[in-house]
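Novice: From the sequence below, what's the structure:
(2 chains, ligands or ions: 2)
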Amino acid sequence: MNNADYALEAKGLSREFGGFFAVRSVDFRLARGSIHAVIGPNGAGKTTLFNLLTKYLAPSAGAILHDGEDVTPLAMAQMAQRGVVRSFQISAVFSGLSVRQNLELALLRPAGIAWNLLGLVSRRPEVAERANALMHQFGLVEYADALAGNLPYGRKRVLELATTLSLEPKVLLLDEPMAGLGREDIGRITDLIRAAGKGRTLLLVEHNMKVVAELAERITVMVRGEILAEGSYQEVSSRSDVMAAYTGQTGAGAAHG
Amino acid sequence: MTMIFGVPAAVLYGQLLLGLINGSFYAMLSLGLAVIFGMMNIVNFAHGAQYMLGAMTAWLLLNFLGIGYWWSLLLAPLIVGASGLVIERFLLRRLYKLDHLYGMLLTFGLALMFQGIFTNAFGSSGQPYKIPPLLSGGSNLGFMFLPNYRAWVIVASLTVCLTTWYVIERTKLGAYLRAATENPMLVQTFGIRVPRMIMLTYGAGVALAALAGVLAAPIYQVGPTMGVDLIIVVFAVVVIGGMGSIMGSIVTGFMVGLIEGLTKAFYPELSSTIVFVLMAVVLLLRPAGLFGSKPEPAGAAHQEKLEIAGPNPRRQMIAFAAMAALFALAPLVVYPGFMMKAMLFALFACAFNLLAGYGKLVSFGHSMFLGTAGYVCGHAAKVWGFTPELAVLAGTAAAALLGVASGWLAIRRSGIYFAMVTLAFAQMIYFVALQAPFTGGEDGLQGVPRGHLFGVIDLADPVNLYGFVLAIFLGGFFLIMRLVGSPFGLVLKGLSDHEPRAQSLGLDTARYKLVAFTLSAALAGLAGSTKAITSQIVTLSDVHWSMSGEVLLMTFLGGVGTLFGPVVGAFVVVAMQNYLASLGQWVIVIHGAIFVLCVLAFRRGIVGELIAFAGRRTNRGGAPAHSGPGH
Ligand SMILES: Nc1ncnc2c1ncn2[C@@H]1O[C@H](COP(=O)(O)OP(=O)(O)O)[C@@H](O)[C@H]1O
Ligand SMILES: [Mg+2]
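Specialist: Ligands and ions are numbered 1, 2, ... in the order given. Okay, the predicted model is just below:
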C-alpha cells in the first residue's frame, strides 16, 4: 500500500513522563476507511497514544503522518482543522454552556464565523439550523436549553459524540466512548458509532469486548506502552499471550481504565 | 580603589551582600508559599501581610512588654502561626473544593484587612527596630565590611530553608505530607488526620513568614505596608522558579536576590524592575518555570453556575436602554461628579469582566491598563495639545499595545499563575511610572486640560462633559455586550470551560485569549483615558496594585460573568468610598472584609444572586426547568 492509504501513521512514536515511557517506539498504521480498535489493560498507554496522534501531547521521539504528510509539528487545533477530531476519555462537554450552545460553538469554525466579534450567534441561521438538526438526530431536543454540565452522564456522552461529529471529521478518534455507561446507553451509542463510521476512518479505545468485536475490523493490543499484537478479532483473541496480558491484568479495573 | 567592570569593588560587594539579604527573604517567603500551595493548592496572598505581622508582633512585644529580639524570634512566629491555624480552620477549609482562585481572593482580602487594621492603629510610616546587642557591630573581611546582623540573617535563613527542605523531602513526616497531597484517603487510613495535618501545614507556612518578618525587623523599617511590595516580587520569584519543588524555591529566591544586587551595582535604573523582566524571559523560554511547576489541576469553575444558560438578546437590549435612560437623567438628583466617576469605574470593571468573567482569566494587574492609558492621554492632551477625543484614542491605543505585549506572555499560564504574572507586570509598570519623566512621579500628572471635543464642544461645560462620559460608558458597555453575545464570545466561554476540548474542535485558543486580553486592556484604557480628562489628573494610584484590587472587588461583588454585575459593583464601591471617606484606612478593611464575605458566602455577586433568585422563582412557577432571564 502507498503511504497515503493510511489516514494516520505513527513511526517510532515515544512519549516519556519523567523517565517513564508511557508509549515506547510504537509503529502504528490506521488504514483509511477502516474501523480500528486499540485495546489493552489500564495504563497500557492507549490514551497517551491518542493524545500523541491528535497532537494534544508532543512526542518525545518519532513522527506522525496524516495522509502521508508529516504532521508532527502541528498543534491539536490544526489537526482538527485537517479533519482529525477526537473525543476525550473523561467526557468533555462545555459544562457552562447549554446543549444548543455546545453544538453551535462546534459549528462556528466550519461555518467560518468563529472570528466574528460583533454579530449575534442567534442571528446565524446556518448554525442554528444545523444545531437543531443535530439535536434531533441525537435525541437531545428536550435538553436543548439545559446546561451541559447538568445532563445525565449518558447524555453527556451523546452530546460529546454529536459535537465531534458535527465537524464531519474524516478521521474520528474515540477514547472509551462507553466508559461509565449503562447497558441501554451502550446499545444506543454503538449504533451511533457504527453509523458515524460509514465513510470515515475510525479509531477507538474500548474495554467492552462485545462492542469491539461488533464494531472493529482490526484490533491493536497495547501492553506497557508497546504493541503486543495486531489483527482481526479472531486472530487477536486466539493468541495466548494476548489473553495473558490482557485478561490477567484488567479484572475489576476494566470499566474505568 | 579596585574597579570591576567600571564599578568600585566595594560597591559591588555591598550590593551583592544586599542582594543576598533580599534573596534570603525571597527564598523564605517563596518556600512558605510553595509549602502551602503544595499541600492545599492555595496561593497565600496574605503571606506578605503575615510577614508584616511577624515584624509588627516583634515590635509590639518589645515596645509594650519589653520582650526582646531573641524571645520574639520564637514568640512572634508562634503567635502569628496560631492566627494562621484559625484562618485555616474557619475560612480556608471551606474553599478546598472550589477553584484555587477563590483562595487567592480570600487571602487577598485578609491581606487588605491586616494592612488596614495596622495602619489605623499605628500609622503607615515605618518604625525602627534595634539590632540586638549580641549582633551589633561587624567584621572587616578585608575586601568589604560585613555587619554581623546581616551575616546572621543569611545564616539563619539558609538554616531555616534547608531544615524545611530536609523535613519535607527526607523525613517520615514529610513523606506523609507529600502522600496526603496525592492521596488523602489512603493517608487517612493510616490513622493520620489529614484535615488537622493541613491546618498545621498552613500554620507552619504562616509561622515561616512571621519568622522572616522578625528577621527583617532590624533591617527594614517595621510598618503595615512592608509586606505588600515584597509579596509581589515573591510572586514573580514563584513564577520564575515554579512552585513544584522546595529546593527550586530556595535556589530561585537567592538567585533572584543576587541578580537584583548585580543590577543595582551595574545598572541601577533597572534594579526595581529586573525581577519582572526575568519573569518575562522565563515565561518566554520556559513557561512552566525553571524547576517546573506543580501543574494546576483542572479546578472547579471559579464561577458559581447559574442554573440558566444562554443570554436573551432582547431582554439585554431592554435592560441596556433602561440603564441608558437612568444614567442620562441621574444628574438631576445625584451629584454628576459621582456619576461620572462611577460610570468610568463601571466601564473599567466591565472590561475586566470580559476577560475574567467570560474568559476565566482573572487578572490581578488591570491597573496597568487604566493607568498607562491615563498617563498617555493626559500627556497627549497637555503636552501635545491633542483634542480630547484624540487624546482618549491615544491612551486607549497605548493600553491596547501594552495588552498585546503583556497578554502575549501572560496567556502562557492560566489560573493562579496567570493572576500572579499579571500582578507582577502591573508592578513593573508601576515602577516605570514612578521613575519615568513624563508621569510627574509622586505628584502625578496634573492640570490635564479638558479642551474642546473635535475642537468645538467645550468640555469645561459640565453638561457637555457629562454627555461625553455617558457616551463613552454606554458605547463601551454596548461593545462588550455585543462581544459577549457574538460567536467570538461563545468561543471565549467555551475555551474557558474546557480548553483542550475547544482545541480538539479546531479552535486556536491562544489567539482567542490574546484578542480577549487585548480588547479588555483597550477598554480598561478607554476608561482610564476618559478618567484623565474628567478628573484632570493622573496619579500613581491609578497604576497601583490596589487599583487592580478595587476592580476585582467591584466585579466579584457585583457578579463576575454577568453583564450588569460589574456596573452594580462599581457603583456600590464608589459610593462606599464617597460616603465612608471619613473612615480613612477603615475603608480598606471593609474592602478586605467584603472580599472574604464574597468568597465565603456570596460567590455569585449581587446580580448573580438576583438572576439565580429569579430563576428559582420561574422554576417554582411551573415554567420549564431550564428557562430564565438572560444574564
Ligand atoms: N501526564 C502524565 N504524566 C505522567 N504520567 C502519565 C501521564 N499521562 C499518562 N501517564 C502514565 O502513562 C501510563 C499510560 O497511561 P494512559 O495512556 O492513560 O493509559 P491507558 O489509557 O491505556 O489506560 C500510565 O502509567 C500513566 O500513569
Ligand atoms: Mg485511557
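Novice: For burial, what's the neighbour tally of residue 44?
Specialist: You didn't say which chain, so I picked chain A. As a burial measure, A:Ala44 scores 27 neighbours (other C-beta atoms under 10 Å in any protein chain shown). For every residue, glycine as well, the C-beta is placed using N, CA and C.
Novice: Oops, wrong one, chain B.
Specialist: Using other C-beta under 10 Å, B:Asn44 has 30 neighbouring residues.
Novice: Give the full set of residues in contact with it.
Specialist: Contacts of B:Asn44 were listed using C-beta atoms under 8 Å, 6 or more residues apart in numbering or on different chains, and they are B:32-33, B:36-37, B:50, B:103, B:107, B:202, B:205-206.
Novice: same question, B:Trp586
Specialist: Counting by C-beta under 8 Å, 6+ apart, B:Trp586 makes contact with B:116, B:120, B:580.
Novice: ok, the helix or strand harbouring the first one near chain A or not?
Specialist: Okay, so that is B:Gly116. Using DSSP states H and E, B:Gly116 sits within helix B:100-122. No. Helix B:100-122 does not reach chain A (C-beta under 8 Å from any C-beta of the partner chain); its nearest approach is 15.4 Å.
Novice: Beta-bridge partners for the residue nearest the centre of chain A, please?
Specialist: Taking C-alpha atoms, centre = their mean, the centroid of chain A lies closest to A:Leu174, which sits 1.9 Å from it. Beta-bridge partners recorded for A:Leu174 (DSSP bridges): A:Leu204.
Novice: The nearest residue to B:Asp497 once chain neighbours are set aside: what secondary structure?
Specialist: Among residues not flanking B:Asp497 along the chain, A:Phe94 sits closest, at 4.3 Å (C-beta to C-beta, 6 or more residues apart in numbering or on different chains). Classification of A:Phe94 by DSSP: H, G, I helix; E, B strand; the rest coil places it in coil.
Novice: Spell out which parts of the stretch 101-250 of chain A neighbour ligand 1.
Specialist: Not one residue of the stretch 101-250 of chain A sits near ligand 1, judged by C-beta under 6 Å from any ligand atom.
Novice: Please enumerate the helices of the stretch 101-250 of chain B.
Specialist: With DSSP state H, counting those that start in this stretch, the ranges of helices along the stretch 101-250 of chain B come out as B:148-170, B:172-182, B:184-189, B:194-216, B:228-241, B:246-266.
Novice: Pick the most buried one from those.
Specialist: helix B:228-241 (a mean of 26; mean count of other C-beta atoms under 10 Å in any protein chain shown).
Novice: Just name the closest of the contacts of B:Trp586 to ligand 1, please.
Specialist: B:Gly116 (43.2 Å; C-beta to the nearest ligand atom).
Novice: For burial, what's the neighbour tally of the closest one?
Specialist: B:Gly116 has 22 neighbours, counted by other C-beta under 10 Å.
Novice: lowest average confidence, helix or strand, in chain B?
Specialist: Within chain B, no helix or strand scores below helix B:184-189, which has a mean of 75 by mean pLDDT, DSSP states H and E.
Novice: Off-centre distance for that helix?
Specialist: Offset of helix B:184-189 from its chain centre (C-alpha atoms, centre = their mean, to the nearest Å): 35 Å.
Novice: Show residues contacting that helix.
Specialist: Contacts for helix B:184-189 (C-beta under 8 Å, 6+ apart): B:176, B:179-180, B:194.
Novice: change it to 6 Å
Specialist: For helix B:184-189, contacts defined as C-beta atoms under 6 Å, 6 or more residues apart in numbering or on different chains pick out B:179-180, B:194.
Novice: How much space separates the residue in the stretch 451-600 of chain B that ligand 1 sits nearest to from A:Pro152?
Specialist: Residue of the stretch 451-600 of chain B nearest ligand 1, by C-beta to the nearest ligand atom: B:Pro500 (12.3 Å). Computed as C-beta to C-beta, to the nearest Å, the B:Pro500 to A:Pro152 distance reads 23 Å.
Novice: Need the phi and psi values for the spatially most central residue of chain B.
Specialist: Centroid check for chain B by C-alpha atoms, centre = their mean gives B:Phe364 as the closest residue, at 3.7 Å. B:Phe364 adopts backbone torsions of phi -100, psi 20, taken as degrees, to the nearest 10.
Novice: Surely it and B:Met547 touch.
Specialist: No. Taking C-beta atoms under 6 Å as the definition, B:Phe364 is not a contact partner of B:Met547, at 10.9 Å.
Novice: B:Met573: what's it in contact with?
Specialist: For the record, residue B:573 is Val, not Met. B:553-554 are the contacts of B:Val573 under C-beta under 6 Å, 6+ apart.
Novice: Hmm, A:Leu57 and A:Asn51 touching each other?
Specialist: Yes. The criterion here is C-beta under 6 Å, and A:Asn51 meets it with A:Leu57 at 4.1 Å.
Novice: Neighbour count: those two, which is higher?
Specialist: Between A:Asn51 and A:Leu57, counted using other C-beta under 10 Å, A:Asn51 has the larger neighbour count: 24 against 18.
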